[in-house]
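Peer 1: Just to be clear, the model below is a prediction. Sequence and coordinates:
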Amino acid sequence: MVFDVVICGADIVDGNGGHRLRADLGIIGDHIEAVGVLNQVEAVRRVDADGHIVAPGFIDMHSHSDVSMLDDPGGESKAYQGVTTEVTGNCSYSPFPTGRASPKILQQTLGRTLRSREKWNWTTLDGWAEALSSNGTSLNIVPQVGNGALRIAVGAVEDRPATSDELSYMQQLAAEAVEQGAFSVSTGLSLSPSGYATTDEVVALCKAISSYRGAFYVTHARVLPGWHVKMIEEAVEIGRRAEIPVQFSHMAIIDHRYHGQGEELVEVIERAREQGVDITYDVYPYTAAGAGLNQLVPLWAQEGGLQTYMACLQDPETRRRVRDEMVQGRAGGIPPQWENWIISQIASEINNGLVGCSLIQIAEDRSVDPAEATLQLIEEEEDAVSAVVHNREESDVRFFLGHPQAMIGSDGTAVSPDGLYASEQPHPRFYGTYPRILGRYVREEPSVMTLETAIFKMTGFPAQRLGLPDRGRIAEGYKADLVIFDPETVIDNATFDVPQQYPNGIPHVFVNGEAIISDGQHTGARPGRVLRRGS
């Protein structure tokens with residue numbers, strides 16, 4: 001037997017959370033053929049992993065790479081971190097289905113978040129998957145279907161519950177997407193148009209897919225004043241009533257009045273699990289979020305799609321009302337800390353110089369108040385403008401990372417520093433999430449979690465949630481999605497000021513048995529696949 005690759009002298013951490021094993025690992029084709037003593041076997045290539053850890057490739061449980069690899073197929077920002085699989089369709093945003101709408105309408109609405117220079121010309125998950133497969137990607141992609149896309153697909157873009165006919169059609173479209181391979185339905189209950197859905201509506205949508213083996217519900221929660229606990233209770237209620245597992249997205253406390261109350265949040269999850277609701281969550285290791293400026297604008301003002309939204313802001317009385325609500329805090333919350341909103345991504349060249357500036361700086365330069373400056377930017381960029389938002393506390397981040405029901409999700413996008421986002425300053429989570437966990441929260445702060453636990457949170461745990469039968473572990477017969485890293489040197493280099501920097505200490509990454517990172521350099525290989533539920 002001739003192996004394609006033999007990784008020699010490795011300390012293997014298998015993704016199950018157990019102790020490491022000193023062994024060699026042999027790859028044939030796209031799978032792990034053998035784990036053991038392989039120093040005498042014949043191999044096309046040998047990789048010396050002495051002093052390094054070999055782990056399953058990291059599964060990013062929360063990404064927005066649905067279409068980014070059409071432009072940046074190498075997915076370098078994630079590949080250099082050791083990520084081998086991107087879970088997409090989060091926060092209610094998926095680039096399918098189109099339903100009664102059209103690819104153009106869906107892209108006009110969601111393309112402000114799911115950015116790509118390529119024109120969307122598909123109508124279903126199958127069509128989207130074919131476009132990605134034809135293009136080729138370095139990373140695997142796991143699809144989810146978004147409630148925002150479903151609402152657009154049936155024309156329910158106003159601030160109201162869906163009609164019975166609209167809901168029935170959304171249920172049909174959701175079921176069709178799951179049959180084509182979507183793993184879950186996602187919501188974005190503080191975003192338009194998903195945020196117009198009632199709890200009952202989401203329950204009905206989840207019931208439409210709950211009978212499919214392994215299907216689950218994932219939510220960017222309803223963020224309202226004082227809802228830091230209620231947002232989790234709503235997710236639990238949906239899971240219980242729809243009889244479906246729940247994944248809670250990017251766990252955090254963003255209202256400074258409630259910092260330090262993480263135990264109260266996870267108690268809801270623990271209690272629900274004791275009562276039979278299968279709920280887990282993902283979290284990223286930063287004290288700042290990333291958000292569109294529209295998350296400062298009342299949801300009611302964003303109804304009807306982009307053109308209606310922009311027209312709404314032209315009415316002086318409506319604009320005054322919008323500004324007043326923004327200043328007071330969306331939905332009666334606390335006033336925004338404008339100085340903590342730092343522009344990271346912007347669509348036009350004319351405003352590109354604003355990247356890195358805070359909303360308070362922009363307001364001062366324009367001699368207007370921050371709410372007006374925000375609306376001006378939204379208009380000028382047709383809502384395609386995002387910011388890094390410093391709104392978390394480090395002790396909460398550490399607590400949420402270390403909890404047993406936490407897995408890791410970056411909330412970032414697979415891009416290239418000279419590609420789609422070249423002139424921008426994205427959140428450092430795009431480039432640093434996974435090495436930051438390994439370097440800071442394992443090596444430098446070992447009280448947060450052990451190395452074996454961290455790798456489980458990045459590999460075996462998300463694979464369990466997704467029901468991937470042959471990924472997320474190192475074992476014979478499993479797919480050869482692998483990362484090799486130096487536990488003494490691995491660390492993130494991406495910062496808020498200079499985010500597009502690759503990490504240190506990750507010399508090799510394999511996807512489906514093929515090297516995409518070799519000796520610290522991207523090979524250009526595109527062995528990634530669109531993975532489908534139940535396949």
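Peer 2: Cool, got the structure.

Peer 1: For the stretch 151-300 of the chain, which segments count as strands?
Peer 2: Using DSSP state E, counting those that start in this stretch, the strands found in the stretch 151-300 of the chain span residues 184-188, 216-220, 246-248, 279-283, 288-292.

Peer 1: Quick check: which of these is nearest to residue 405?
Peer 2: Nearest of those to residue 405, taken as CB to CB: strand 279-283 at 4.8 Å. For the C-beta atoms, the positions are set from N, CA and C on the backbone; glycine is no exception.

Peer 1: Name the residues that touch that closest one?
Peer 2: 61-62, 235-236, 239, 245-252, 269, 272-273, 397, 400-401, 405-409, 461-462, 465 (CB atoms under 8 Å, 6 or more residues apart in numbering).

Peer 1: Just the buried residues of those.
Peer 2: 61-62, 235-236, 239, 245-252, 269, 272, 397, 400-401, 405-409, 461-462, 465 (16 or more other CB atoms under 10 Å).

Peer 1: In three-state terms, label residue 455 for me.
Peer 2: Using DSSP: H, G, I helix; E, B strand; the rest coil, the structure places residue 455 in helix.

Peer 1: got the contact list for it?
Peer 2: Residue 455 neighbours (CB under 8 Å, 6+ apart): 13, 15, 17, 53, 55-56.

Peer 1: and which of those residues is nearest residue 258?
Peer 2: Nearest to residue 258 among those: residue 17, at 30.8 Å, using CB to CB.

Peer 1: Setting aside sequence neighbours, what's the nearest residue to that closest one?
Peer 2: residue 456 (3.9 Å; CB to CB, 6 or more residues apart in numbering).

Peer 1: likewise residue 436?
Peer 2: residue 492 (4.0 Å).

Peer 1: contacting residues for that neighbour?
Peer 2: Counting by CB under 8 Å, 6+ apart, the residues that residue 492 touches are 428, 431-433, 435-436, 439-440, 503.

Peer 1: so which pair among those is furthest apart in space?
Peer 2: Of all pairs in these, the most separated under CB to CB is 431 and 440 at 14.3 Å.

Peer 1: Show me which of the two is the more surrounded one.
Peer 2: The neighbour count for residue 431 versus residue 440, taken as other CB atoms under 10 Å, is higher for residue 431 (29 against 17).

Peer 1: related to what we said a few turns ago, please flag which of the contacts of strand 279-283 sit within helices.
Peer 2: Secondary structure from DSSP state H places 235-236, 239, 269, 272-273, 397, 400-401, 461-462, 465 of the contacts of strand 279-283 in helices.

Peer 1: For the residues you listed, could you give me TSV that also reports pLDDT and distance to residue 146?
Peer 2: Output for the ones in helices among the contacts of strand 279-283, formatted as TSV (pLDDT from 0 to 100; distance: CB to CB, whole Å):
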residue	pLDDT	distance to residue 146
235	98	16
236	98	21
239	98	18
269	98	23
272	98	24
273	98	26
397	98	26
400	98	24
401	98	26
461	98	23
462	98	19
465	98	18
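
Peer 1: Show me which pair in these is furthest apart.
Peer 2: 239 and 397 (24.9 Å).

Peer 1: which helices and strands does the helix ranked longest in the chain pack with?
Peer 2: Taking DSSP H as the criterion, the chain has its longest helix at helix 164-179. For helix 164-179, the elements it packs on are strand 145-146, helix 147-154, helix 199-207, judged by 3 or more CB pairs under 8 Å, 6 or more residues apart in numbering; DSSP states H and E.

Peer 1: per-domain residue ranges of the protein.
Peer 2: Following automatic domain parsing, one gets these domains for the chain: 2-56+472-491+498-522, 58-287+392-466, 292-390.

Peer 1: Among the ones you listed, which comes closest to residue 532?
Peer 2: Taking the domains of the chain one by one with CB to CB, domain 58-287+392-466 is closest: 2.7 Å.

Peer 1: Off-centre distance for the closest one?
Peer 2: On the basis of CA atoms, centre = their mean, to the nearest Å, domain 58-287+392-466 sits 5 Å off its chain's mean C-alpha point.

Peer 1: In this structure residue 297 contacts residue 330, no?
Peer 2: Yes - at 7.4 Å, residue 297 counts as touching residue 330 under the criterion of CB atoms under 8 Å.

Peer 1: Touching, residue 339 and residue 357? I think so.
Peer 2: No - counting by CB under 8 Å, residue 339 sits too far from residue 357 to count as a contact (10.6 Å).

Peer 1: more crowded one of the two?
Peer 2: Higher neighbour count among residue 339 and residue 357: residue 357, with 17 against 12, using other CB under 10 Å.

Peer 1: Please report how far the more buried one lies from residue 373.
Peer 2: Per CB to CB, to the nearest Å, residue 357 is found 10 Å from residue 373.

Peer 1: what's residue 41 in contact with, if anything?
Peer 2: 1-3, 6, 26, 34 are the contacts of residue 41 under CB under 8 Å, 6+ apart.

Peer 1: Now residue 236. Nearest residue, chain neighbours left out?
Peer 2: residue 272 (4.3 Å).
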